[in-house]
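**Student:** got a predicted model here, sequence first, then my questions.
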Amino acid sequence: MQTLEFWKAITMDSSSVLEDFIAMLEHAQLRYCLIDGQAVNAYVAPLVSLDLDLVVAATDLERLASLLPVGATLQRFPHSLNLELAGSALRIQFQTDACYFSFVERASRREVLGMQLPVASLTDLLQGKIWAAQDGTRRASKRQKDLADIARIIEAYPELRVLVPDDVLSRLVV
């Protein structure tokens, strides 16, 4: 089974929701990149997740809502827009915190989920994971996943360990 087929099975995507969604972003020429878990998977051994986290360039963010397909459900939260598309258990989250907007400019295309997609740079991903792990307002289980992703990154790229603050390093099991 190919990567995309496996992921579609996991997200119960019986149609081509993911491919159609990405095609919509590309056709509209929105500048975006993957962040968080799926993006980390582009650099290290992948883990399965139903989430697809993205950041859209600040100048393109307002256009996003007008491009969504019929049947899409969009919920606004303080730092994100969460999107659900009919026909899939895929959970798409757009980060709207301004500190992530510059990630788009440094992104490069990498293979993720069997497709070539723009992915945040490794150092940007690590920084995003550090911010998330240090955010005391996030659920503890989410912060544990962020710590695991940081550990995965610095195991594969030990030279990046120097970028991780001591308060985060002390919580890692590496």
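**Tutor:** Received, thanks. Residues are numbered from 1 along each chain as shown.
**Student:** now the strands for the chain?
**Tutor:** Applying DSSP state E to the chain gives strands spanning 32-35, 51-56, 73-77, 80-84, 91-95, 108-112, 115-119.
**Student:** so which of the ones you listed comes closest to residue 137?
**Tutor:** The minimum distance between residue 137 and those falls on strand 73-77, with 11.7 Å, by Cβ to Cβ. In this view, the C-beta of every residue, glycine as well, is placed from N, C-alpha and C.
**Student:** for that closest one, which outside residues touch it?
**Tutor:** Applying Cβ atoms under 8 Å, 6 or more residues apart in numbering, the external contacts of strand 73-77 come out as 65, 68, 81-84.
**Student:** for that strand, what is the average pLDDT?
**Tutor:** Regarding strand 73-77, the rounded mean pLDDT is 87.
**Student:** relative to strand 80-84, how tilted is it?
**Tutor:** Interaxial angle, strand 73-77 versus strand 80-84 (axes from the mean of the first three to the mean of the last three Cα atoms, to 10 degrees): 160 degrees.
**Student:** out of the contacts of strand 73-77, which are buried?
**Tutor:** Listed as buried from those are 81, 83; burial here means 16 or more other Cβ atoms under 10 Å.
**Student:** may I see the contacts of strand 73-77 organised as JSON lines, with pLDDT and distance to residue 157 added?
**Tutor:** Output for the contacts of strand 73-77, formatted as JSON lines (pLDDT from 0 to 100; distance: Cβ to Cβ, whole Å):
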{"residue": "65", "pLDDT": "80", "distance to residue 157": "36"}
{"residue": "68", "pLDDT": "82", "distance to residue 157": "36"}
{"residue": "81", "pLDDT": "89", "distance to residue 157": "30"}
{"residue": "82", "pLDDT": "90", "distance to residue 157": "30"}
{"residue": "83", "pLDDT": "87", "distance to residue 157": "31"}
{"residue": "84", "pLDDT": "86", "distance to residue 157": "34"}
